[in-house]
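*Asks:* Predicted coordinates and the sequence they were generated for:
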Amino acid sequence: MKVIESISEMQKYSESLRRKGEIISFVPTMGYFHDGHLNLMKEGKQRSDCVVTSIYVNPTQFGPGEDFEKYPRDLERDAGLARGVGVDVIFTPSNTDMYPENYQSYLNVEETTKNLCGLTRPGHFRGVTTICLKLFNIVKPHVTIFGKKDYQQFVTIKRMVQDINLDLEVVGLDTTREADGLAMSSRNVYLKGPERESALCLSRSLVMAKDLYDKGVRDAEAIIETVIKNVDSYPYTAVDYVKICETKNLRDIKNIDAEAVIALAVKVGKTRLIDNYVFGEKLNL
Ligand code: PAF
């Protein structure tokens, strides 16, 4: 497994693979791997000759007061895990290479980023789309794999790739969960003591929403109210949002009469967690 830090070396390596006709898959990450990341890499392995993963904690997607500084970082641990699932290249650039002095170009996807996390994390998706576009230009993959736990990110990246005509397949994989249902996230390491139990309010609320939907409830407000009540019944929790949206542009809907997603963000102690469920799909819980 190669570890590449330089942008030009990564570009040259990808060009050489492409010239040989090899297929490149790419899993962008901020590191501190868990099984969710490793499942994306395993999917990449199935789909390509060379799996590249990037480890880069992207400063432009963090707002003031967010966890950019304390975001967990451990390259050695990550390298061991990536090697174990057959990753071929880790690309880990520096901040000064990615955003040199006088850097001033950003890409924004207008509609899909307005609601949900876009409301409470202004500028977050502008940072995500910008860094992903830069990484796509550096790694030059044929296919990129994202987890659907970050559902809004997945929808937004797909929109961007289509809108700006990137020759790239975007694949989304279902959320990987702990045995008790908690969606895997690098931020779960922040949960302290009893907060870990409270964090189950997210996945348990999704089960409730699914049950209501399966019983025929289509009124979004009724499902949202049940979920908020459930989250509020857990200690250390504060709802950021619970919303039901159509899946194309993620606008709120009143009635679930087409494909729809319930998405929630909850602060558990100081840790902000997200989860979601697309009605009618399997919930792997
Ligand atoms: O999902 C993430 O880890 C990040 O948002 C991503 C896609 C690597 C961009 O920094």
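*Replies:* Nice, I can see it.
*Asks:* and the residue of the stretch 151-285 of the chain found nearest the ligand, how many residues sit next to it?
*Replies:* Distance from the ligand to each residue of the stretch 151-285 of the chain (CB to the nearest ligand atom) is smallest for Q153, at 5.8 Å. The way it works is simple: take the backbone N, C-alpha and C, and place the C-beta from them, glycine included. Using other CB atoms under 10 Å, Q153 is surrounded by 23 other residues.
*Asks:* what's the spacing between the residue nearest to E259 when sequence neighbours are not counted and N276?
*Replies:* In this structure, E259 finds its nearest non-sequential neighbour in T247, 4.7 Å apart by CB to CB, 6 or more residues apart in numbering. Distance of T247 to N276, given as CB to CB, to the nearest Å: 10 Å.
*Asks:* Quick check: neighbours shared by the two?
*Replies:* Common contact partners of T247 and N276 (CB atoms under 8 Å, 6 or more residues apart in numbering): V261.
*Asks:* which of those two has more neighbours?
*Replies:* Neighbour comparison, T247 and N276: the larger count goes to N276, with 23 against 15 (by other CB under 10 Å).
*Asks:* Surely the more buried one touches A260?
*Replies:* No: using CB atoms under 8 Å, N276 is not in contact with A260; the gap is 10.6 Å.
*Asks:* OK, contacts around N230?
*Replies:* Applying CB under 8 Å, 6+ apart, we find N230 in contact with 201, 204-205, 208.
*Asks:* between those residues, which has the most around it?
*Replies:* S205 leads these on contacts (other CB under 10 Å) with 27 neighbours.
*Asks:* In this structure that one contacts L264, no?
*Replies:* Yes: in this structure, S205 is within contact of L264 by CB under 8 Å, at 6.5 Å.
*Asks:* Identify the contacts common to the two.
*Replies:* Contacts common to S205 and L264, judged by CB under 8 Å, 6+ apart, are 227, 231, 242.
*Asks:* Could you point out the helix or strand that follows the host helix or strand of the first one?
*Replies:* In this assignment (DSSP states H and E), V227 forms part of helix 220-232. The first helix or strand that comes after helix 220-232 along the chain, using DSSP H and E, is strand 237-246.
*Asks:* Share the number of residues neighbouring G193, please.
*Replies:* Neighbours around G193, by other CB under 10 Å: 9.
*Asks:* Over to it: give its phi and psi.
*Replies:* When read as degrees, to the nearest 10, the backbone of G193 gives phi 50, psi -120.
*Asks:* who's in contact with it?
*Replies:* By CB under 8 Å, 6+ apart, the contact list for G193 is empty.
*Asks:* OK, contacts around the residue most central in space within the chain?
*Replies:* Residue closest to the average C-alpha location in the chain (CA atoms, centre = their mean): D150, at 3.5 Å. By CB under 8 Å, 6+ apart, D150 lies in contact with I274.
*Asks:* how much space between it and the ligand?
*Replies:* Separation of D150 from the ligand (CB to the nearest ligand atom, to the nearest Å) stands at 5 Å.
*Asks:* Can you check what pLDDT the model gives that residue?
*Replies:* The score at D150 is 98. That number is its pLDDT.
*Asks:* swap in the one 3 residues further on?
*Replies:* Reading off the confidence values, Q153 has pLDDT 98.
*Asks:* Helix or strand: which one has it?
*Replies:* Residue-wise, Q153 maps onto helix 151-163 under DSSP H and E.
*Asks:* what about that helix, distance to the chain center?
*Replies:* On the basis of CA atoms, centre = their mean, to the nearest Å, helix 151-163 is displaced by 11 Å from the centre of the chain it belongs to.
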